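Asks: Take a look and give me a structure for this.
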Amino acid sequence: MWKTVLFLILALIIIPIAAWYLDTPPTEEQWQLIKTLGIVYLVTALLCFVVSTITKNYSQVDKLWSVMPVIYVWIVVAHHGLEWRIVLMAILVSLWGIRLTLNFARRGGYSWKIWGGEEDYRWAILREKDEFKPGWAWTLFNLFFISLYQMGLILLMTLPIVKCMHGTPLGIADIILAAIFIGLVIIQIIADQQQWDFQTEKYRRINTGGALTLPYSKGFVDTGLWAFSRHPNYAAEQAIWVVFYLFSIPATGTWVNWSIAGAILILLLFKGSSDFSEGISAGKYPEYKDYQKRVGRFIPKPSKSGKGVPAKA
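Replies: Predicted structure coming up:
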């Protein structure tokens, strides 16, 4: 696990530097805005570290994952003014943030005590691993990965809006990208609702002593969108931030620029995150390994007929 963490942290450092040199550097206005956003990031990340250390609830960054991008993009709008592409991008991120915040809230992620709420079950499992049992090891992990790395990634994901400042006029490419972005948010809504409906019914049956017939006896959802992708919500999340980066292409006329780092890093993060989650699921549910063989992780696997392979009911 430490190798994965170190790789992600190094990637967080190397990829932005490499992307920086692939493109013309930010303008003075962009650089000043990045500094402002960086101060907000650093204060928020350190606050998450302190609060999580005191409360022993290590989902403080999770609470802010859907909130901070919205704050960042509207700081840019407030600083830069009402440029059409910038405002459009801020509205799209706000729609994404509202959806994710509502979904996180209904799962118990928030509490009237802002430091409370349900902790992601994966942190407890990770703390039990031998390499994290020493208190100092978990503290370092909390500081550098949970707090600084994840909050840093959130900032990098939103930097394409800074790159788009003073870009070309809003055009058809932007409208197409906005439509794709909204379509991906809709996919997330559907996937999350299917997961919610499945888990709610499964635990209702367990708590009332009801029989766990198919598909609930498997323990995991493999119908609907989940019949074509093991993580349709994760797939859409990654695609959303790639699309967000793509706005910078019609804005600048260049395919690769320094704001690409966030889009690359989120792909790496979700690869590692899904590896860990699937390891847990495969250990809990006997049929999960067969599900892994049948269904693609993010992209549907083609069948002989050329269509995705649906799960058996």
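Asks: helix/strand/coil for the residue lying closest to L22 once chain neighbours are set aside?
Replies: Residue nearest to L22 in three dimensions, not counting chain neighbours: V256, with 5.3 Å by C-beta to C-beta, 6 or more residues apart in numbering. C-betas here are computed from N, CA, C, even on glycine. Three-state call for V256 (DSSP: H, G, I helix; E, B strand; the rest coil): coil.
Asks: Count the residues that sit near V256.
Replies: By other C-beta atoms under 10 Å, the residues close to V256 number 12.
Asks: check contacts around it.
Replies: 19, 22-23 (C-beta atoms under 8 Å, 6 or more residues apart in numbering).
Asks: how close does I266 sit to T24?
Replies: I266 sits at a distance of 24 Å from T24 (criterion: C-beta to C-beta, to the nearest Å).
Asks: Which one of the two is surrounded by more residues?
Replies: Neighbour count, other C-beta under 10 Å: between I266 and T24, I266 has more, with 24 against 10.
Asks: Where is the longest helix in this structure?
Replies: In the chain, with assignment by DSSP state H, the single longest helix is helix 172-208.
Asks: can you map out the helices along the stretch 51-200 of the chain?
Replies: Using DSSP state H, counting those that start in this stretch, the helices of the stretch 51-200 of the chain run over 60-64, 68-80, 84-106, 121-127, 135-141, 150-158, 160-163, 172-208.
Asks: between the ones you listed, which one is nearest to D275?
Replies: For D275, the closest of the helices of the stretch 51-200 of the chain is helix 121-127, at 11.4 Å, according to C-beta to C-beta.
Asks: What is that closest one packed up against?
Replies: If contacts are counted by 3 or more C-beta pairs under 8 Å, 6 or more residues apart in numbering; DSSP states H and E, helix 121-127 sits against helix 261-284.
Asks: in the helix or strand that the helix it packs on is followed by, what counts as buried?
Replies: Sequence order places helix 288-294 as the next helix or strand after helix 261-284, per DSSP states H and E. Residues of helix 288-294 classed as buried: 288, 291, 294 (neighbour count, 16 or more other C-beta atoms under 10 Å).
Asks: can you list those in TSV and add pLDDT and distance to D197?
Replies: Shown next, in TSV, are the buried residues of helix 288-294 (pLDDT from 0 to 100; distance: C-beta to C-beta, whole Å):
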residue	pLDDT	distance to D197
Y288	94	19
Y291	94	18
R294	93	21
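Asks: What is the nearest of the contacts of V256 to S111?
Replies: For the contacts of V256, the minimum distance to S111 (C-beta to C-beta) is 38.0 Å, reached by A19.
Asks: Buried members of the contacts of V256 into PyMOL, please.
Replies: Selection of buried members from the contacts of V256 for PyMOL, criterion 16+ other C-beta under 10 Å:
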select buried, resi 19+23
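Asks: secondary structure class for the residue positioned nearest the centre of the chain?
Replies: Nearest to the geometric centre of the chain sits E237, at 5.7 Å (C-alpha atoms, centre = their mean). Secondary structure, three-state DSSP: E237 is helix.
Asks: Apart from its chain neighbours, what residue comes closest to R204?
Replies: R204's closest residue in space is G210 (C-beta to C-beta, 6+ apart), at 7.3 Å.
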